[in-house]
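1. test case, fold it:
(4 chains)
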Number of protein chains: 2
Amino acid sequence: MKNIKLKLARVEHDLSQAELAKKVGVTRQTIGLIEQGKYNPTLQLCIAICKTLDRTLDELFWEDETKA
Amino acid sequence: MKNIKLKLARVEHDLSQAELAKKVGVTRQTIGLIEQGKYNPTLQLCIAICKTLDRTLDELFWEDETKA
DNA sequence: TCATAATGCAATATATATTTTACATATCGA
DNA sequence: TCGATATGTAAAATATATATTGCATTATGA
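-> Next up is the predicted model:
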């Protein structure tokens, strides 16, 4: 399931997938796949993304994935 | 860092590590290590644990790990 | 037009989450 | 005293998250 909230939060911060990836220490592909919902990321990566985008886990990763 | 909140929520539901593990589809060791903070679990596993224990991601996995 | 940025996709390699099996200890009820 | 339950630990195996490299497409600004 696509993670629209993540993509929106990223765009709000005016970051490309590659830029967000660099900030959280992963590759562009990893971010792209998470946004497409084709990945099951690690908790620590989720937390790093949340902190970079000023969101909490619930805000970015709770509902959408839950309904899957 | 130990995840006390997870352990408390589990005990509140009167579940052993093995019982929670069975409900979420992993082994007892995995749950034990997550409670001890020696693991970096997967998002889907975190969500499964939250749903089983009637908590959200923020309630079980946000603050403690963040301060690490 | 053309160069560049942004993104999707795919194959192979690597790191690590998770399993499997096994042993040790502590607690508790019969 | 004994058997069962709950938990911590550890080594080796397996599954999968993530990296690496490379190519294709689209949109956009010069």
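
2. please count neighbours and contacts with C-alpha atoms only from this point.
-> Will do.

3. any idea how far B:Leu53 is from the nearest residue to A:Val24 once chain neighbours are set aside?
-> Take A:Val24 and drop its neighbours on the chain: the residue closest to it by CA to CA, 6 or more residues apart in numbering or on different chains is A:Ala48, 5.8 Å away. Applying CA to CA, to the nearest Å, the value for A:Ala48 to B:Leu53 is 24 Å.

4. where's A:Asn40, which helix or strand?
-> Assessed by DSSP states H and E, A:Asn40 sits outside every helix and strand.

5. does A:Arg10 really touch A:Glu19, like I thought?
-> No: A:Arg10 is beyond contact range of A:Glu19, at 9.5 Å (criterion: CA atoms under 8 Å).

6. do stretch A:47-60 and DNA strand D meet?
-> No: Stretch A:47-60 lies out of reach of DNA strand D by CA under 7 Å from any atom of the strand, never closer than 10.3 Å.

7. quick one: contacts of that stretch?
-> A:3, A:5-6, A:9-10, A:13, A:20, A:23-24, A:46, B:56-58, B:62, B:66 (CA atoms under 8 Å, 6 or more residues apart in numbering or on different chains).

8. could I get the buried residue list for that stretch?
-> A:47-50, A:53, A:56-60 (16 or more other CA atoms under 10 Å in any protein chain shown).

9. again, but for stretch A:19-34
-> By 16+ other CA under 10 Å, the buried positions in stretch A:19-34 come out as A:19-21, A:24, A:30-32, A:34.

10. show the end-to-end separation of that stretch, please.
-> 15 Å.

11. which residues touch that stretch?
-> Contacts of stretch A:19-34 (CA under 8 Å, 6+ apart): A:2-3, A:10, A:17-18, A:39-41, A:45, A:48-49, A:52.
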